[in-house]
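1. Any chance you can model this:
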Amino acid sequence: MDDVMTMEEIEARFDSEWVLIVDPEYESDLQVKRGRVVCHSKDRDEAYRKALELRPKHSAFYYIGGFPEDMAFALERREE
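-> Numbering: from 1, shown residues only. Down below sits the predicted model:
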């Protein structure tokens, strides 16, 4: 996959998948506007492995879709 896609195209094509986007272009509010999808998978670790393999200089990870019901979140507060 070497085509640059908009976030709307990415969201329509990769529902419920982890997506690794390289060379992302950003909106003024730092939201990804478009980029090149180099990996997509239902398995998050597969996308992480691809990032380690490619070692892109600029990249973004996204989960496209709602969060699974069994997903847990941990929040961390850092004092500066």
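2. Please count neighbours and contacts with C-alpha atoms only from this point.
-> Fine.
3. where does the protein have low pLDDT?
-> Residue ranges of the chain with pLDDT under 70: 1, 80.
4. where do the helices sit along it?
-> Under the criterion DSSP state H, the chain contains helices at 7-13, 44-54.
5. Adding mean neighbour count and distance to residue 28, write those helices out as a markdown table.
-> Formatted as a markdown table, the helices of the chain follow (neighbours: other Cα atoms under 10 Å; distance: least, Cα to Cα, whole Å):
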| stretch | mean neighbour count | distance to residue 28 |
| --- | --- | --- |
| helix 7-13 | 14 | 15 |
| helix 44-54 | 14 | 25 |
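6. quick one: which of these is nearest residue 71?
-> Closest of the helices of the chain to residue 71 is helix 44-54, at 12.3 Å (criterion: Cα to Cα).
7. who's in contact with that closest one?
-> Residues outside helix 44-54 that contact it (Cα atoms under 8 Å, 6 or more residues apart in numbering) are 17, 18, 19, 20, 39, 40, 41.
8. Identify whichever of the helices of the chain lies nearest to residue 68.
-> Closest approach to residue 68 among the helices of the chain (Cα to Cα): helix 44-54, 12.3 Å.
9. so how far is that closest one from its chain's centroid?
-> 11 Å (Cα atoms, centre = their mean, to the nearest Å).
10. Alpha carbons only: can I get that helix in CSV?
-> The C-alpha trace of helix 44-54 is given here as CSV (Å, rounded to 0.1, in the frame of the first residue of the first chain):
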residue,chain,number,x,y,z
ARG,A,44,-2.4,-4.5,17.6
ASP,A,45,0.9,-6.4,18.1
GLU,A,46,1.2,-7.0,14.4
ALA,A,47,1.0,-3.3,13.7
TYR,A,48,3.6,-2.6,16.4
ARG,A,49,5.9,-5.3,14.9
LYS,A,50,5.7,-3.6,11.5
ALA,A,51,6.6,-0.3,13.0
LEU,A,52,9.6,-1.8,14.7
GLU,A,53,10.6,-3.4,11.3
LEU,A,54,10.2,-0.2,9.3
